[in-house]
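# turn this into a structure:
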Amino acid sequence: MSRTSRSMLRLVIVGCLFSTLPACAQSQAPVWGGELVERIDSLAEATLRDGPVAGLTIGVKRGGDLLMVKGYGVADIENSVPMTAGTVYRIGSLTKQFTAAAVMQLDEAGQIAIDDPLTLHLPDYPTQGHEVSIRHLLGHTSGIKSYTSLGDVFWRKAGLLDLSHTEMLALFKDEPFDFAPGEEYRYNNSGYYLLGMIIEEVSGESYDDYLDAHLFGPLGLSRSSYCHEAQIIPGRAEGYEQGGDGLLNDGSISMNTPGAAGALCSTVPDLLSWTMALRSGRVVSEASYQAMTTSGQLNNGSATGYGFALGVDALEEHSRVAHTGGINGFSTVMAHYPESDLDIVVLSNTSSGVPGKIERRIARWALGLAVAN
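Numbering: from 1, shown residues only. The predicted structure follows:
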């Protein structure tokens, strides 16, 4: 597989966080304030040194107390542009929660219902005798083949091309279902691509126009947008991947390919504002947010550990609502700990698992949990 193909496969925009570090040290007192900032500084500097990682932006907030938003490393290596608190990143699968919120807005407006069949809104989609609902798409239980699971066969046809919806659907719509709807949980980018199409069909607006008008604009998220390649986006970071003895430029990808599954750009300050707005009733109702953060159930009654675009699990005894993202040259994580009202956002312009590791370490310090050496 070529480096470009390997890079493109990183659009397998990672699902939610469900792992925890082993508790191999004694519990500590919760850390906050300047001491926690110093620890984060040291952790970020070690990460950049040992990665290799080009850059990071980290934000930590508890209730109304914004502890820090800080950039580390480099946003553009070739031009020596430093990372800042407001650097714009591709956020990968963090996009999905914006898509899910848009769907819930349309549900609240009576324009759709989450248990509507997919074919009510996209009547030409071939469900191969299965009954697929919007709920199945939101919770990754549809059984539809995820286009990012098709490997080189898919990327040779779609990776760099600005395909239309019709051309995108043609690549996966006739693939056999992986399982009957509701029988399994399997992370699925095709499902969220289809949700973007449903938003467009129902609202009469393009996906990016809908988000601008109903989410970004009303919430003042001025640095968040659909991440079109040709658009001039001030402060946008370049992306990198780890390879050989150091870092390489990330492989190119048309942002038509991820669509509503992973095509947004944002910043740490915007994402901290977003997550607070989402759970405070400014985006969707309390009932809708509850649905987004309640684990789905399979047909046999077992829990999936995933709501609507948000994973629900725990770090030891602390409940967590979280999601990660990965797309060519970028890796991301957002996590909220409801009992302590703690928010952590880590964005990186390097493809790696680093943001998730950093988030968990910060959470353990802030919550007073044992930290592995």
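
# any idea what R90 is bridged to?
Going by DSSP bridges, R90 is paired in beta bridges with C265.

# determine the number of other residues adjacent to G33.
Counted by other CB atoms under 10 Å, the residues lying close to G33 total 10. To be clear about C-beta, it is placed using only N, CA and C from the backbone, and glycine gets the same treatment.

# what does I327 give?
33.

# for the residue nearest to it when sequence neighbours are not counted, grab phi and psi.
Excluding its sequence neighbours, the residue lying closest to I327 (CB to CB, 6 or more residues apart in numbering) is G92, at 3.9 Å. The phi/psi pair for G92 (degrees, to the nearest 10) reads phi 60, psi -130.

# so what's the residue positioned nearest the centre of the chain closest to, chain neighbours aside?
Residue closest to the mean C-alpha point of the chain, counted by CA atoms, centre = their mean, is L94 at 1.9 Å. Spatial nearest neighbour of L94, excluding adjacent residues (CB to CB, 6+ apart): G325 at 4.5 Å.

# is that neighbour in a helix, a strand, or coil?
What DSSP: H, G, I helix; E, B strand; the rest coil gives for G325 is strand.

# residues contacting it?
13-14, 91-95, 262, 331-333 (CB atoms under 8 Å, 6 or more residues apart in numbering).

# make a ChimeraX selection of the buried ones in these.
To isolate the buried members of the contacts of G325 in ChimeraX, using 16 or more other CB atoms under 10 Å:
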select :13,14,91,92,93,94,95,262,331,332,333
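
# what pairs with the longest strand anywhere in the chain, parallel or antiparallel?
Criterion DSSP state E: the longest strand present in the chain is strand 65-76. Sheet partners assigned to strand 65-76 using DSSP bridges are listed as strand 55-62 (antiparallel), strand 81-82 (antiparallel).

# buried residues of that strand, list them for me.
67-76.

# how about stretch 331-342?
Buried residues in stretch 331-342 (16+ other CB under 10 Å): 331-337, 340, 342.

# among these, which are in strands?
Using DSSP E, those in strands are 331-337, 342.

# closest to D152 among those?
Ranked by distance to D152 (CB to CB), those are led by S331 at 22.0 Å.

# touching, the closest one and E359? I think so.
No. Counting by CB atoms under 8 Å, S331 does not reach E359; the two are 11.1 Å apart.

# on that earlier part again, could you measure from the residue nearest to I327 over to N328?
9 Å (CB to CB, to the nearest Å).

# and if you look at I232?
20 Å.
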